[in-house]
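[1] here's a sequence, model it:
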Amino acid sequence: MTAKPAPAPLLIACALGIEHLALRMGDRSGAGGPVTVLRTGMGPRAAERSVGRVLADPALSEAAVLATGFCAGLAPGMHPGDLVVAEETREPRGHVPCVATELLVKELVRTLPGRTVHTGPLTGSDHVVRGHERSALRATGAIAVDMESAATLLSAVHVGERPVAAVRVVVDAPEHELVRIGTVRGGISAFRVLRSVLPTFFEWHRNVLLPRR
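    Residues are numbered from 1 along each chain as shown. Reported below is the predicted structural model:
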């Protein structure tokens, strides 16, 4: 009898220690295969290096990759704790389309009832975006910005074909600019939301699994 191929693993990438802590505190009981939560460090270069290094490991070479953590919302009416499901990530070197975004939206709505979920392009930046930069990025069609998602997904698909996605929690929005993440209500709300998203990521993973060769 031929053994069933092992499922491809899931790599969840975030940048900050507080994001990593939130994910570590989440419920991992529903994982559909091996899961690695990677703290890449802050910024696109750190994300690209970390993801490329990890995916060079044969055990993770075919992993599905999901970028997550906090982001700055660009659209008026966004609030801390809202969720962003990227339809694509953008950065100067290219755009990366995301996989099974409709499933992510559906599962987020089910897992976190009452939370607003936004969909659209997620753009990358090499610095924290403030003030007038928001409106300039919004004019490109992007709905949110962070420093790592675009670099993470671009690095992942350059290593090899795989399902990729990005889900971010709004911690900073046009009418709710954040000064220090851990000391304001918006930061605490975003932390609690990020802590609750793992079941959604696992459901996405189960539906996009690639069999191990």
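[2] what helices or strands is the lowest-mean-pLDDT helix or strand in the chain leaning on?
    When the helices and strands of the chain are scored by mean pLDDT, DSSP states H and E, helix 185-195 comes last with a mean of 80. Counting contacts by 3 or more C-beta pairs under 8 Å, 6 or more residues apart in numbering; DSSP states H and E, helix 185-195 packs against helix 17-24, strand 64-73, strand 164-172. C-betas here are computed from N, CA, C, even on glycine.
[3] residue boundaries of the helices in this structure?
    17-24, 44-55, 101-111, 132-138, 149-159, 185-195, 198-208 (DSSP state H).
[4] so which of the helices and strands packed on helix 185-195 is nearest residue 81?
    When the helices and strands packed on helix 185-195 are ranked by proximity to residue 81, the top entry is strand 164-172, at 6.7 Å, counting by C-beta to C-beta.
[5] quick one: low-confidence residue ranges for this protein.
    For the chain, the stretches flagged by pLDDT under 70 are 1-6, 174-187, 210-213.
[6] residue nearest the centroid of it?
    residue 68 (2.3 Å; C-alpha atoms, centre = their mean).
[7] and the least confident helix or strand of the chain with strand 64-73, angle?
    170 degrees (axes from the mean of the first three to the mean of the last three C-alpha atoms, to 10 degrees).
[8] fine by me, thanks again.
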